[in-house]
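Chemist: Okay, here's the prediction I keep looking at, along with the sequence it came from:
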Amino acid sequence: MDGQSNGRFVTKEYMTKNVIAVLDFGSQYSHLIVRRIWELGVYAKLLPPETPASALQEYAGVILSGGPQNLSKPGALKADPRIYTLGLPILGVCYGLQLIAHQLGGKVRAGKKREYGPVHTSLATSSALFKNLSRSELTWMSHGDQVVKAPRGFKVIGTSEACGVAAMEHRKHQVYGIQFHPEVRHTKHGMKILENFLKIAKVRRNWSLGRDWINATVAAIRAKVGKSRALLALSGGVDSTVAAYLTHRAIGRNLSCIYVDTGLMRKGETEQIRKTFSKLKNLDFKVVDAEREFLKALKGVTEPEQKRKIVGKLFIRLFEREAKKLGDAAFLVQGTLYTDAITSGVSVGGKAAMIKSHHNVGGLPRNLKFKLIEPLRDLYKDEVRRIGKRLGVPEEILFRQPFPGPGLAVRIIGEVTKGKLAMLCAADAIFREELAASGWARRVQQYFAVLPDIRSVGVQGDARTYGHPIVLRAVTTSDFMTADFARIPLAMLARISARITNEVAGINRVAYDITSKPPGTVEWE
Ligand code: XMP
């Protein structure tokens, strides 16, 4: 069995009858099933729905996920029918239940009533699947079709008002199906049901996202890359850094990390990356100093979208240039997270308005012929931080606030020049320092300084000045889609204002942005 499938990692020693396969029929909760099994201390892996039975033999059990399709319509996704002859415990969830019924000779029809939301389901607690549950449980349903006749040999073990077969089992063959979703929290004892299934599958519950995950992932990267080489574009953020640490642990000197210093980074950032990565032995780490090239490309450009595009394109060009110098790398490592993977390409019917052309190194590079390695694809941000901590990634990187791909170019309104960059960096550093010292840095999700393209008259040291204002922005948000300006105490703002105007030459005024998103965006460009 290969170490990687579908971008997800697992080693051979874990495979042998100790991993649960989740066949993904397209439900928005398929991945959540995997996560819940992880939470129960067992490794689970999401696999394509048509995975052949022969590839499932090493697993301890199979879960068939829900999905948006209707079995009454032609072309509905099906599982390899031979999976029912493997002798493995099988659990069908929602569409999975209907599929089992359909494939084993039962009947599925469009229900008279759609069930959506919380539903009380009566359960036969004599079933091993419902052990330690009550006879009536709050469950969460979302379906139109339903099983109207269980296949031969199956016993109905659950019913709801609208659904005659809300759960069924074939005790001898250990095949189970439930119409409701145990993986969502609204099914009150859903975790108990999944736990019962793990007991039926006789798996050891000793897997953890920490050490086990790291070992498995490192082994899988090693197996995949072999004696070849891999390349990684470091951005300085948590995702690419953790991906670099993991890959470095796996293949050491066969990993080349390229960090492009655009000159558009915040104060101290490039030095920190250099310091962090120079500590890793046997790593081919290169800082490409490209400030001059970026400033040249941005010269005279004031339009925000144009700036973004110029930075994005130049980044890719430089990366390609460096990659070519390295020659034979066959793999490209990217720090794509689960959330990146599900959101990429999804755009509300393709009609969502384009607000800004976001770019980050995650989108690199389209026309280089690399095979992709995405070791963090199953994880959420907080888990990446946990893994990073175990790997020894410094806290400053693990808790670094988000930073836009085009860097400070979108925080300098108007033309980007070296002088403006110096002013912005200095003011931004003071703001960050003060927020960190007061503890506010942990209470707001993003905070930075912006340099607008205007000047105003001031008086400093008894003399008239005609200088730049600086705008401070700090926001609280849970998802960056909407945000509120942070209520930083006025006394603190006063102190920061005094420091900036005293310490940063050229700045004679400080403003605090009190706009939420919407109507503003987080960044100014
Ligand atoms: P906006 O300004 O769109 O920002 O409200 C929302 C979040 O996205 C970050 N941002 C970017 N991140 N590449 C990125 O990776 C980009 O081009 C980019 N532009 C904005 C922004 O900092 C905020 O966290």
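Modeler: Received it, and whenever you're ready, just let me know what you need.

Chemist: Quick one: end-to-end distance for stretch 390-397.
Modeler: 13 Å (C-alpha to C-alpha, to the nearest Å).

Chemist: gap between it and the chain center?
Modeler: 18 Å (C-alpha atoms, centre = their mean, to the nearest Å).

Chemist: low pLDDT regions in this protein?
Modeler: The chain contains residues with pLDDT under 70 at 1-16, 341-368.

Chemist: just the helices in the stretch 201-350 of the chain please.
Modeler: Secondary structure of the stretch 201-350 of the chain (DSSP state H, counting those that start in this stretch): helices at 211-225, 238-251, 269-278, 291-298, 304-326, 338-343.

Chemist: Report the secondary structure state of residue 447.
Modeler: Recorded secondary structure, residue 447: strand (DSSP: H, G, I helix; E, B strand; the rest coil).

Chemist: State the distance from the closest residue to it other than its chain neighbours to residue 266.
Modeler: Leaving aside its chain neighbours, residue 447 sits nearest to residue 474 (3.8 Å; criterion: C-beta to C-beta, 6 or more residues apart in numbering). Heads up, the C-betas are built off the backbone N, CA and C, glycines and all. Computed as C-beta to C-beta, to the nearest Å, the residue 474 to residue 266 distance reads 15 Å.

Chemist: repeat for residue 254
Modeler: 31 Å.

Chemist: Run a quick neighbour tally on residue 327.
Modeler: 8 (other C-beta atoms under 10 Å).

Chemist: wait, residue 386 sits on residue 209?
Modeler: Yes - the pair residue 386 / residue 209 is scored as a contact, 6.8 Å apart, by C-beta atoms under 8 Å.

Chemist: Quick check: the residue of the stretch 201-350 of the chain nearest the ligand.
Modeler: residue 308 (6.3 Å; C-beta to the nearest ligand atom).

Chemist: how many neighbours does that residue have?
Modeler: The burial count for residue 308: 20, using other C-beta under 10 Å.

Chemist: Could you check how far it is from residue 168?
Modeler: 55 Å.

Chemist: do residue 99 as well
Modeler: 12 Å.

Chemist: wait, residue 155 sits on residue 167?
Modeler: No - the pair residue 155 and residue 167 does not pass the contact test of C-beta under 8 Å, sitting 9.6 Å apart.

Chemist: got any residues that touch both of those two?
Modeler: With contacts taken as C-beta atoms under 8 Å, 6 or more residues apart in numbering, the residues that reach both residue 155 and residue 167 are residue 124.

Chemist: Tell me which of the two has more neighbours.
Modeler: Neighbours were counted for residue 155 and for residue 167 using other C-beta under 10 Å; residue 167 has more, 29 against 13.

Chemist: which of the helices of the stretch 201-350 of the chain is buried the deepest?
Modeler: Highest mean neighbour count of these: helix 238-251, a mean of 24 (counted as mean count of other C-beta atoms under 10 Å).

Chemist: Check the offset of that helix from the chain's centre.
Modeler: Worked out by C-alpha atoms, centre = their mean, helix 238-251 lies 16 Å from the chain centre.

Chemist: Please give the number of neighbouring residues around residue 118.
Modeler: Neighbour count for residue 118, taken as other C-beta under 10 Å: 13.

Chemist: Show me the longest strand that occurs in this structure.
Modeler: Assignment by DSSP state E gives strand 107-123 as the longest strand of the chain.
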